[in-house]
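> What shape does this take:
(one chain, ligands or ions: 1)
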Amino acid sequence: MTSTLSSPFQLLCCRPSGEELLQQELEARHGIFSNVAASGFIQLEGHDLPAEPLIFEWQRLPNTRFFPLLKGESVPEQLTEAVWTFFAEQPSPWAIHLLTVDDGGASRLEGIARELTRRGNQLHPGLKKWERKPGKLFKQQKGMILQWACTDRGFLFSSSSPTELTATEPGGRTRMKMDSRAPSRSYLKIEEAFVRLGREPEAEQTVIDLGAAPGGWSFAFAKRGCQVTSIDNGPLKIDDACIRRIEHLHRDGLTFQLGKLQPPVDWLVGDMLIPPGKVLGLLRYWVDGHHCKNIVMNVKLPQNNPLPAMEPILEWMKRYPELQVRQFYHDRREVTIFGAVNS
Ligand SMILES: C[S@@+](CC[C@H](N)C(=O)[O-])C[C@H]1O[C@@H](n2cnc3c(N)ncnc32)[C@H](O)[C@@H]1O
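Residues are numbered from 1 along each chain as shown. Reported below is the predicted structural model:
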């Protein structure tokens, strides 16, 4: 192998323009310094990846290698060999995740990927018959996921087991499909939460939705047959028969509580524009008080010092290892706490 191939390094994907938050998290919570490798890509400075997924991480690329490759240059033999080294060592099922660095690079990346696969087949006859759909490998938790990306300067690639990754979609971009009946794009956030949880709400389950208007989250539960109580002073704009499953209460979500003898609700969800300190108050009532079985709670990040503002929530979460907090693909300047509790 020539010296143009870099040594392995650790790379993380995050929201483009959210790099600073991920860097702050790495430094403040894990003592790891990092650089921005490209828009939405953070390179760790000589450290291993933390075992647990980071809040602002969308995906991880363990042991990434970089090969300089300028626009218009053909794919060199050394790169083909390097990309398929894992297969030369031990043939195993493989699937490719193409990660676009910016909107303009997609077709170039696809072209390089086609060329690398074509040349890989020449180098290793039989390679093609080991190719699988990525979803299958994630389901079976075996084989190799090849993550490939392209910047202006060159080609990035990482080969790892699905068990080492933190998301099943390329670059952690869990794109959800909009339902034309949903009254807001927030609907996509709760749909993504169901994917991340690995399960959907079931018919007849009870739901309390704090800060529900105009009703995207309430609609997502109601269309699955849940009994939803939507708390908001604003109007719901759901124009669908499932509205009959929703009771709209014009109440304050910060002070709304269950009656003393009421059993826990199946789902407590919240998407209010309130500071993290108020969110912590809600978590204490609903989770510590055993008033819900599942929770999806969005936390809006303040402009100034977002991580220190989150710290009391993160401290509280240590008592609930079953809860996760992540920045979703459909989140903007916010993160989502989700998981099953009190079950
Ligand atoms: C981002 S929107 C929620 C969008 C909703 N999840 C959806 O899917 O359509 C925030 C909502 O929180 C409500 N809100 C803010 N503070 C509230 C409070 N203290 N009690 C109840 N609702 C509140 C606002 O009226 C607003 O409708």
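> Just the CA atoms of stretch 84-100, as CSV, please.
Included here for stretch 84-100 are C-alpha records, laid out as CSV according to Å, rounded to 0.1, in the frame of the first residue of the first chain:
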residue,chain,number,x,y,z
TRP,A,84,-11.8,-4.4,-0.2
THR,A,85,-9.0,-5.4,2.2
PHE,A,86,-11.6,-6.7,4.7
PHE,A,87,-12.9,-9.1,2.0
ALA,A,88,-9.5,-10.3,1.0
GLU,A,89,-8.8,-11.1,4.7
GLN,A,90,-12.2,-12.8,5.3
PRO,A,91,-15.0,-13.0,2.8
SER,A,92,-18.3,-11.9,4.5
PRO,A,93,-21.6,-10.4,3.5
TRP,A,94,-21.3,-6.6,2.9
ALA,A,95,-23.5,-3.6,2.2
ILE,A,96,-22.7,0.0,1.3
HIS,A,97,-23.9,3.2,3.0
LEU,A,98,-23.1,6.2,0.9
LEU,A,99,-22.8,9.4,3.0
THR,A,100,-23.1,12.6,1.2
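> Can you name the residues in contact with it?
Applying CB atoms under 8 Å, 6 or more residues apart in numbering, the external contacts of stretch 84-100 come out as 13, 59, 61, 81, 106, 109-110, 113, 116-117, 120, 123-124, 126-127, 130-134, 136-137, 142-149, 159, 170-171. Heads up, the C-betas are built off the backbone N, CA and C, glycines and all.
> quick one: average pLDDT of that stretch?
For stretch 84-100, the mean per-residue pLDDT is 95.
> Could you give me the buried positions within that stretch?
Residues of stretch 84-100 classed as buried under the neighbour-count rule (16 or more other CB atoms under 10 Å) are 84, 87, 94, 95, 96, 97, 98, 99, 100.
> Cross those against strands and list the overlap.
The strands in this structure, assigned by DSSP state E, contain 94, 95, 96, 97, 98, 99 from those.
> can I get those residues in a markdown table with distance to the ligand?
Shown next, in a markdown table, are these (distance: CB to the nearest ligand atom, whole Å):
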| residue | distance to the ligand |
| --- | --- |
| 94 | 39 |
| 95 | 34 |
| 96 | 34 |
| 97 | 29 |
| 98 | 31 |
| 99 | 29 |
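> tell me the pLDDT at the residue lying closest to residue 75 once chain neighbours are set aside?
Spatially, and ignoring its direct neighbours in sequence, residue 75 is nearest to residue 115 (4.6 Å; CB to CB, 6 or more residues apart in numbering). The pLDDT attached to residue 115 in the predicted structure is 96.
> what sits against residue 108?
The neighbourhood of residue 108, defined by CB under 8 Å, 6+ apart, consists of 71, 150.
> How is it assigned, secondary-structure-wise?
Secondary structure state of residue 108, per DSSP: H, G, I helix; E, B strand; the rest coil, is helix.
> Any chance of a ChimeraX selection covering the buried ones in the contacts of stretch 84-100?
Written as a ChimeraX command, the selection of buried residues from these, which uses 16+ other CB under 10 Å, is:
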select :13,59,61,109,113,116,117,120,127,132,134,137,143,144,145,146,147,148,149,159,170,171
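> Surely residue 172 is in contact with residue 329?
Yes: counting by CB atoms under 8 Å, residue 172 sits close enough to residue 329 to count as a contact (6.6 Å).
> Among these two, which residue is more densely surrounded?
Shown here are residue 172 and residue 329; by other CB atoms under 10 Å, residue 172 has more neighbours (25 against 20).
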